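**Student:** Sequence and predicted structure, then a few things I'm wondering about:
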Amino acid sequence: MSRYREPAKPGSAYITAEGELCLKKELQTLWSDERPRVTQSVSEAAAQGDRSENADYLYGKKRLREIDRRIRYLTKRLEVLTVVREPPADTGKVYFGATVVLQDVNGRSLQFRLVGPDEIDLRSGAVSVDSPVGQALLGKTGGSDIAITTPSGKTVYTIRSIRY
């Protein structure tokens, strides 16, 4: 049995203006607040002597590696992202950044906003355009029926409204 795993498919390189601001804020916080604080903590722990049994030192170094990894990721990701600030010319169809209200056959409504993979937040209804729901919605117009396969089976929804 091999340990090789196929690399994950890269997500869409789109982000909303709010999402870009959030990523930049996280990067700034990590770089100017979190990293100096952890570096100071590691320095203090190292001054206490034997580092091999010093939990504060070991945990601090591990946390510093995590912060540096996230800083590198955010820096590279922000370079390749395309910020979508304007709605599309045809606002009657579902595209990136659209907020869509769906209704199932029982009359239950769901609301989703199509965002980039870096902005997913299911509690607020932000789903990725790369997700099965996002792919099913892209390019559809108001009143269209879409079928979404869920773990409980296939569900048909009708697009009630689209807004940007």
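**Tutor:** That came in fine, so what should we check first?

**Student:** in the helix or strand of the chain with the lowest mean pLDDT, what counts as buried?
**Tutor:** Every helix and strand in the chain was compared by mean pLDDT, DSSP states H and E; the lowest is strand 145-150, with a mean of 87. For strand 145-150, the neighbour count (16 or more other C-beta atoms under 10 Å) marks 146, 148 as buried. Any C-beta I mention is one placed from the backbone N, CA and C, and that applies to glycine too.

**Student:** Now do the SS call for residue 33.
**Tutor:** helix (DSSP: H, G, I helix; E, B strand; the rest coil).

**Student:** Please work out how many residues are found near it.
**Tutor:** By the measure other C-beta atoms under 10 Å, the count of residues near residue 33 is 10.

**Student:** Please, where are all the strands along this structure?
**Tutor:** 14-16, 82-84, 99-104, 109-115, 126-128, 145-150, 153-163 (DSSP state E).

**Student:** wait, which of those strands is closest to residue 27?
**Tutor:** Among the strands of the chain, strand 14-16 comes nearest to residue 27, with 13.3 Å by C-beta to C-beta.

**Student:** Run through the neighbouring helices and strands of that closest one.
**Tutor:** Here strand 14-16 touches strand 82-84, going by 3 or more C-beta pairs under 8 Å, 6 or more residues apart in numbering; DSSP states H and E.

**Student:** looking only at pLDDT, what's the mean for the strand it packs on?
**Tutor:** Taken as a whole, strand 82-84 has an average pLDDT of 95.

**Student:** Contacts for the least confident helix or strand of the chain, please.
**Tutor:** 102, 132, 133, 136, 137, 140, 154, 155, 156, 157, 158, 159 (C-beta atoms under 8 Å, 6 or more residues apart in numbering).

**Student:** same question, stretch 64-79
**Tutor:** By C-beta under 8 Å, 6+ apart, stretch 64-79 touches 20, 23-24, 26-27, 30-31, 34-35, 38-39, 42, 118.

**Student:** Could I have the PyMOL command that selects the buried members from the residues you listed?
**Tutor:** Of these, the buried ones go into a single PyMOL selection, burial set by 16+ other C-beta under 10 Å:
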select buried, resi 20+23+27+30+34+35+38+42+118
